[in-house]
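Engineer: Have a look; sequence and predicted model below, questions after that.
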Protein chains: 2
Amino acid sequence: MINMKKSLGAKVVGNICPVWLVATYDKNNRPNVLNVGACGWANVKPPCVQVSIRDIRYSHRAIVERKAFTVNIPSEDQWREADYAGMASGRDTDKFEGLGFTAMRGDLVDAPMILECPVNFECRLRGSVELDSNTLFIGEVLDVKVDEHVIDGDWGPNIRRIKPMVYWAKWGWKGEAYHSIGSELGKVFTQKTKPEK
Amino acid sequence: MINMKKSLGAKVVGNICPVWLVATYDKNNRPNVLNVGACGWANVKPPCVQVSIRDIRYSHRAIVERKAFTVNIPSEDQWREADYAGMASGRDTDKFEGLGFTAMRGDLVDAPMILECPVNFECRLRGSVELDSNTLFIGEVLDVKVDEHVIDGDWGPNIRRIKPMVYWAKWGWKGEAYHSIGSELGKVFTQKTKPEK
């Protein structure tokens, strides 16, 4: 079968993105949280993440001023909280209070973590890149904290206990949604030889 | 219930990453493909992606020289191909041939697309950031191509037809795996007011 391709132009399509809540302190030391729609891992050694945030967002200034943020991974049963965190603004709303989130002061960085999220990264701002609509902030992960119950012995953090979500995005079309993680297809680094057809 | 947190140090943990195959031409104009483990969307307007690649990788030089790459999203039934593309090196292997992939020359950039992948982004190198182990390459998406059969009328690309994968990574522990996308939890931008407890 020959795949017929259709050109869609310069668009954001097929954006499978982890759902990450970025938390910061504002100028009054009030914790704030933002659901970012463009983010991910950026480096292995040292571990770095990237979060891409528009400069009109209240969290943007907080990251620039404090040179720090945290990434908090919500579980799938927190999808409503995550969605709200991307709609309301910390400029006029205390989102932590509204969401019933508990702010834990970072041990290593000047930013709050969300107690209720099973995974938290403490990130020191390492650099940024201006990309027209958004600033891509690179944060070095100085520590990862996880809820004890997600640790599965020597196997470490268990995806079935964390239950992270992904965000399926396609600007300009309907159907954007939060999804759970599905079945395991296969282990990483197992296909040393070319797959049999 | 109080969540007891455990500190894991500066590690890559809980990496839910889209599975993206980056394709380039090498110095002999041979197409090459690499499975990148740290990547994602980086900007909305203009659409930009980031892929983070170690400088020892054969694809690294190709991106620097051609100032272009493509992102190709495999379907879940291509997880073995994706895994192999991250293990073999294009320095001594023709991975396109080994995988039975067909290279389509980019319309807008000097890089090949993988015909067999349902979604392809043509990316012009826009900038890069050196991050010790990896270089974070930022690519501006000049065009998105999709297989016609994944388009679902006005709703556009349908996740159930593309069947993208995610990669669950945690360096230093067992259990890294490819996963399918699971059930829809809820629509994006629906929680305008704080969720009821």
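Structural biologist: Happy to help now that I have it.
Engineer: which residues of chain A fall in helices?
Structural biologist: With DSSP state H as the criterion, chain A has helices at A:58-66, A:79-87, A:95-99, A:159-162.
Engineer: residues making contact with the last one?
Structural biologist: Pointing back at helix A:159-162 there. Outside helix A:159-162, the residues within contact range by CB atoms under 8 Å, 6 or more residues apart in numbering or on different chains are A:73, A:75, A:118-119, A:146, A:149-150, A:152, A:181, B:14, B:168, B:175, B:177, B:179. All C-beta atoms are positioned from the backbone trio N, CA, C, and that covers glycine.
Engineer: What subset of those residues is buried?
Structural biologist: Among the contacts of helix A:159-162, those classed as buried by 16 or more other CB atoms under 10 Å in any protein chain shown are A:73, A:75, A:118-119, A:146, A:150, A:181, B:14, B:168, B:175, B:177, B:179.
Engineer: I'd like the residues you listed written out as TSV, with distance to residue B:104 and pLDDT added.
Structural biologist: Converted to TSV, the buried ones among the contacts of helix A:159-162 look like this (distance: CB to CB, whole Å; pLDDT from 0 to 100):
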residue	distance to residue B:104	pLDDT
A:73	37	97
A:75	40	97
A:118	42	95
A:119	39	96
A:146	43	94
A:150	42	92
A:181	31	96
B:14	35	75
B:168	30	90
B:175	36	77
B:177	30	93
B:179	28	96
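Engineer: In contact with the closest residue in space to residue A:121 that isn't next to it in sequence, which residues?
Structural biologist: Distances taken as CB to CB, 6 or more residues apart in numbering or on different chains put residue A:71 closest to residue A:121, at 4.2 Å, once the chain neighbours are dropped. By CB under 8 Å, 6+ apart, the residues touching residue A:71 are A:20-22, A:39, A:49, A:51, A:120-121, A:123, A:139, A:141.
Engineer: picking that back up, tell me which of the helices of chain A sits nearest to residue B:191.
Structural biologist: Proximity to residue B:191 (CB to CB) singles out helix A:79-87 among the helices of chain A, at 4.0 Å.
Engineer: Next one: that closest one, is it in contact with chain B?
Structural biologist: Yes. Residues of helix A:79-87 contacting chain B under CB under 8 Å from any CB of the partner chain: A:79-81, A:83-84, A:86-87.
Engineer: all strands for chain A, in order.
Structural biologist: For chain A, the strands defined by DSSP state E cover A:5-9, A:15-18, A:20-25, A:31-36, A:39-43, A:48-54, A:68-73, A:103-105, A:112-114, A:119-131, A:134-147, A:165-169, A:177-187.
Engineer: will you turn these into JSON lines that also has distance to residue B:100?
Structural biologist: Formatted as JSON lines, these follow (distance: least, CB to CB, whole Å):
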{"stretch": "strand A:5-9", "distance to residue B:100": "18"}
{"stretch": "strand A:15-18", "distance to residue B:100": "24"}
{"stretch": "strand A:20-25", "distance to residue B:100": "36"}
{"stretch": "strand A:31-36", "distance to residue B:100": "37"}
{"stretch": "strand A:39-43", "distance to residue B:100": "29"}
{"stretch": "strand A:48-54", "distance to residue B:100": "33"}
{"stretch": "strand A:68-73", "distance to residue B:100": "37"}
{"stretch": "strand A:103-105", "distance to residue B:100": "51"}
{"stretch": "strand A:112-114", "distance to residue B:100": "46"}
{"stretch": "strand A:119-131", "distance to residue B:100": "36"}
{"stretch": "strand A:134-147", "distance to residue B:100": "36"}
{"stretch": "strand A:165-169", "distance to residue B:100": "28"}
{"stretch": "strand A:177-187", "distance to residue B:100": "18"}
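Engineer: Find me the pLDDT at the nearest residue to residue A:89 once chain neighbours are set aside, would you?
Structural biologist: Excluding its sequence neighbours, the residue lying closest to residue A:89 (CB to CB, 6+ apart) is residue A:58, at 5.4 Å. Looking at residue A:58, its pLDDT is 88.
Engineer: if I pick residue A:58, what's in contact with it?
Structural biologist: Here residue A:58 is in contact with A:26, A:32, A:34, A:89-91 (criterion: CB under 8 Å, 6+ apart).
Engineer: could you dump those to CSV with neighbour count and pLDDT?
Structural biologist: Formatted as CSV, the contacts of residue A:58 follow (neighbours: other CB atoms under 10 Å in any protein chain shown; pLDDT from 0 to 100):
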residue, neighbour count, pLDDT
A:26, 16, 95
A:32, 25, 95
A:34, 25, 94
A:89, 13, 86
A:90, 21, 82
A:91, 12, 86
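Engineer: Make CSV out of the residues you listed and add distance to residue A:109.
Structural biologist: CSV is the format used below for those (distance: CB to CB, whole Å):
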residue, distance to residue A:109
A:26, 15
A:32, 15
A:34, 16
A:89, 23
A:90, 18
A:91, 22
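Engineer: which of the residues you listed lies closest to residue A:132?
Structural biologist: Nearest to residue A:132, judged by CB to CB, of the contacts of residue A:58 is residue A:34 at 19.1 Å.
Engineer: What sits closest to that closest one if chain neighbours are left out?
Structural biologist: residue A:59 (4.3 Å).
Engineer: Residue A:21 is in contact with the one you found, correct?
Structural biologist: No. Counting by CB atoms under 8 Å, residue A:59 stays clear of residue A:21, with 10.3 Å between them.
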